[in-house]
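[1] got a predicted structure plus its sequence, pasted below:
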Protein chains: 2
Amino acid sequence: MRYSLLAGGKRIRPVLALATARALRRDEREVLPLAAALELIHTYSLIHDDLPAMDDDDLRRGRPTCHVAYGEDVAILAGDALYAEAFRHVLTHQTGDPQCVIDALAHLATATGVNGMVGGQYLDVSADHPDLRELHALKTGRLIGASIQCIALLSGADADRWRPYCAELGVLFQIVDDILDVTGTDDALGKPQGSDERHGKRTYVSEFGLAGARTMAETSHANARAALAAAAPNGALELEHITDFIYTRTS
Amino acid sequence: MRYSLLAGGKRIRPVLALATARALRRDEREVLPLAAALELIHTYSLIHDDLPAMDDDDLRRGRPTCHVAYGEDVAILAGDALYAEAFRHVLTHQTGDPQCVIDALAHLATATGVNGMVGGQYLDVSADHPDLRELHALKTGRLIGASIQCIALLSGADADRWRPYCAELGVLFQIVDDILDVTGTDDALGKPQGSDERHGKRTYVSEFGLAGARTMAETSHANARAALAAAAPNGALELEHITDFIYTRTS
């Protein structure tokens, strides 16, 4: 669990959570347990996605994947335990109104269950021609969105007003991910460049070409910034920066 | 998920939960979401335990195991999703004081994480000479105990007073399980008899012989009944019956 969790990574989900707390004008330290849980869950999803029965990847964040380092049995259990510990951590340490904690966790469980992350991975491994946008909305979009909406729920704020921004941010993240898989370097990505094509995955690049994907990323970035402005009419400086970073990142 | 969840089974954990509600003099229908979650989590643990990288079992509850029927990738995801849905179900549908719901779920997450069920499975797959009692206390005991203690926490009752009964019930369950693996029939067990020995597992029978294990089961049953009487001095008829059933069951 530590091997995979402490291997680095961009920590985009917890950073989004802390930035959302700032956008809601609250002390970001108050939401650290929930922010940490998001990264535990993200790491669990990477460990299970990398398994031989799934994507069968050997390299992640520049190091051997968990099952290469520790065996398939331990890797499955490390993922299982990271998910359990994510919930345990929030349930034990997250302060705030108890009903708000429950609402935030209910959203997190939904975002990571059959109608969220795991459902997306199921489409990925089982559907012959999954809808690309639906697949990514579930597989990566829901947890990215939950990084924002869970903080709203925890804060007793209106989570629905954040939904358009969350949805667009998930799309933007995935388009850029697909572009980087083609244009990035192994070193920057921490995994072999071009792995999507080798896995025969349908991506925004395979479907629309590199130029097409880049245009879509540009549009999605503009849409995300507009949706953010609508959700936070008084400004949300950190979230604006992260939105730009997700668009311009090189890893 | 439905294939494994609806394959039958004794439903001991939810039955324990409902019986605990009765022992606490409350309407057992009020705790159904939490009771159902226990069975979802138990089923998830069976699916992952049966995987080729773990125990590599082909038969469970009289049918092909999940990965034999649906493939290893889908089986991993079915387990992942059952755990997520267990929490989602409680967080969405469990009524009661919000802080009590949080306390019950914190206990459940702990009982099924690194210091509980998954930690026990980790010992099982990785330790050369795990302590048999510790391994089973984690791997099966914690969730059985949680079936009782979570209901106490949900009800705002003192969960600690139930701990001795929970611990002994987990031990009793495991000793009888080990005996049945030797003395049971394939039909009754829903899996091939003698699988522990074929897997080279250390069990109460392999360590103490069949007669020794039977004596230990008898003692454990008496201890469990005594601990139950101490936890529920005004009687707990359903829990008494289940305690006897766990001792006398043939499957």
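    Received the coordinates, thanks.
[2] format the CA atom coordinates belonging to stretch A:64-76 as PDB.
    The C-alpha coordinates for stretch A:64-76 follow below in PDB (Å, rounded to 0.1, in the frame of the first residue of the first chain):
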ATOM      1  CA  PRO A  64       7.400  -1.600 -11.300                       C
ATOM      2  CA  THR A  65       3.700  -1.900 -10.700                       C
ATOM      3  CA  CYS A  66       2.500  -3.200  -7.400                       C
ATOM      4  CA  HIS A  67       1.900  -6.800  -8.600                       C
ATOM      5  CA  VAL A  68       5.300  -6.900 -10.300                       C
ATOM      6  CA  ALA A  69       7.000  -5.800  -7.000                       C
ATOM      7  CA  TYR A  70       4.900  -7.800  -4.600                       C
ATOM      8  CA  GLY A  71       2.900 -10.400  -6.400                       C
ATOM      9  CA  GLU A  72      -0.600 -10.500  -7.800                       C
ATOM     10  CA  ASP A  73      -2.200 -11.700  -4.500                       C
ATOM     11  CA  VAL A  74      -0.700  -8.900  -2.500                       C
ATOM     12  CA  ALA A  75      -1.500  -6.300  -5.100                       C
ATOM     13  CA  ILE A  76      -5.200  -7.300  -5.100                       C
END
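[3] and that stretch, which residues are buried?
    Under the neighbour-count criterion of 16 or more other Cβ atoms under 10 Å in any protein chain shown, stretch A:64-76 has A:Pro64, A:Thr65, A:Cys66, A:His67, A:Val68, A:Tyr70, A:Glu72, A:Asp73, A:Val74, A:Ala75, A:Ile76 buried. Any C-beta I mention is one placed from the backbone N, CA and C, and that applies to glycine too.
[4] next: stretch A:98-115.
    A:98, A:100-115.
[5] please list which of those residues also come close to chain B.
    Restricting the buried residues of stretch A:98-115 to those near chain B by Cβ under 8 Å from any Cβ of the partner chain leaves A:Pro98, A:Val101, A:Ile102, A:Leu105, A:Ala106, A:Ala109, A:Thr110, A:Thr112, A:Gly113, A:Val114.
[6] which residues does the first one contact?
    So the one you mean is A:Pro98. Contacts for A:Pro98 (Cβ atoms under 8 Å, 6 or more residues apart in numbering or on different chains) come out as B:Asp97, B:Pro98, B:Gln99, B:Val101, B:Ile102.
[7] which of those lies closest to A:Tyr83?
    Proximity of these to A:Tyr83 was ranked by Cβ to Cβ; the top entry is B:Ile102 with 17.7 Å.
[8] if we can go back for a sec, any chance of the buried residues of stretch A:64-76 in CSV, with distance to chain B and secondary structure too?
    Converted to CSV, the buried residues of stretch A:64-76 look like this (distance: Cβ to the nearest Cβ, whole Å; DSSP: H, G, I helix; E, B strand; the rest coil):
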residue, distance to chain B, secondary structure
A:Pro64, 17, strand
A:Thr65, 14, coil
A:Cys66, 12, helix
A:His67, 8, helix
A:Val68, 13, helix
A:Tyr70, 9, helix
A:Glu72, 4, helix
A:Asp73, 4, helix
A:Val74, 6, helix
A:Ala75, 8, helix
A:Ile76, 6, helix
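[9] now the contacts of A:Pro98 in CSV, with pLDDT and secondary structure?
    Below are those laid out as CSV (pLDDT from 0 to 100; DSSP: H, G, I helix; E, B strand; the rest coil):
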residue, pLDDT, secondary structure
B:Asp97, 98, coil
B:Pro98, 98, helix
B:Gln99, 98, helix
B:Val101, 98, helix
B:Ile102, 98, helix
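[10] let me have the buried residues of stretch A:64-76 in CSV, adding pLDDT and distance to A:Phe87 as columns.
    Shown next, in CSV, are these (pLDDT from 0 to 100; distance: Cβ to Cβ, whole Å):
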residue, pLDDT, distance to A:Phe87
A:Pro64, 96, 28
A:Thr65, 97, 24
A:Cys66, 98, 20
A:His67, 98, 23
A:Val68, 98, 27
A:Tyr70, 97, 23
A:Glu72, 98, 24
A:Asp73, 98, 22
A:Val74, 98, 21
A:Ala75, 98, 20
A:Ile76, 98, 18
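[11] now these in a markdown table, with distance to A:Thr20?
    Output for these, formatted as a markdown table (distance: Cβ to Cβ, whole Å):
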| residue | distance to A:Thr20 |
| --- | --- |
| A:Pro64 | 34 |
| A:Thr65 | 30 |
| A:Cys66 | 29 |
| A:His67 | 33 |
| A:Val68 | 35 |
| A:Tyr70 | 34 |
| A:Glu72 | 36 |
| A:Asp73 | 37 |
| A:Val74 | 34 |
| A:Ala75 | 31 |
| A:Ile76 | 32 |
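[12] what's the spacing between A:Glu197 and chain B?
    Per Cβ to the nearest Cβ, to the nearest Å, A:Glu197 is found 20 Å from chain B.
[13] please apply the same query to A:Arg13.
    Plainly put, A:Arg13 is 16 Å away from chain B if you go by Cβ to the nearest Cβ.
[14] so that residue makes contact with A:Gln149?
    No - with contact defined as Cβ atoms under 8 Å, A:Arg13 does not count as touching A:Gln149 (12.0 Å).
[15] which ones among the buried residues of stretch A:98-115 map onto strands?
    Among the buried residues of stretch A:98-115, no member is found in strands (DSSP state E).
[16] out of the contacts of A:Pro98, who's nearest B:Ile242?
    B:Ile242 lies nearest to B:Val101 out of the contacts of A:Pro98, by Cβ to Cβ, at 24.3 Å.
[17] how about the closest one, what does it touch?
    Taking Cβ under 8 Å, 6+ apart as the test, what B:Val101 contacts is A:Pro98, A:Ile102, B:Val90, B:Leu91, B:Gln94, B:Leu154.
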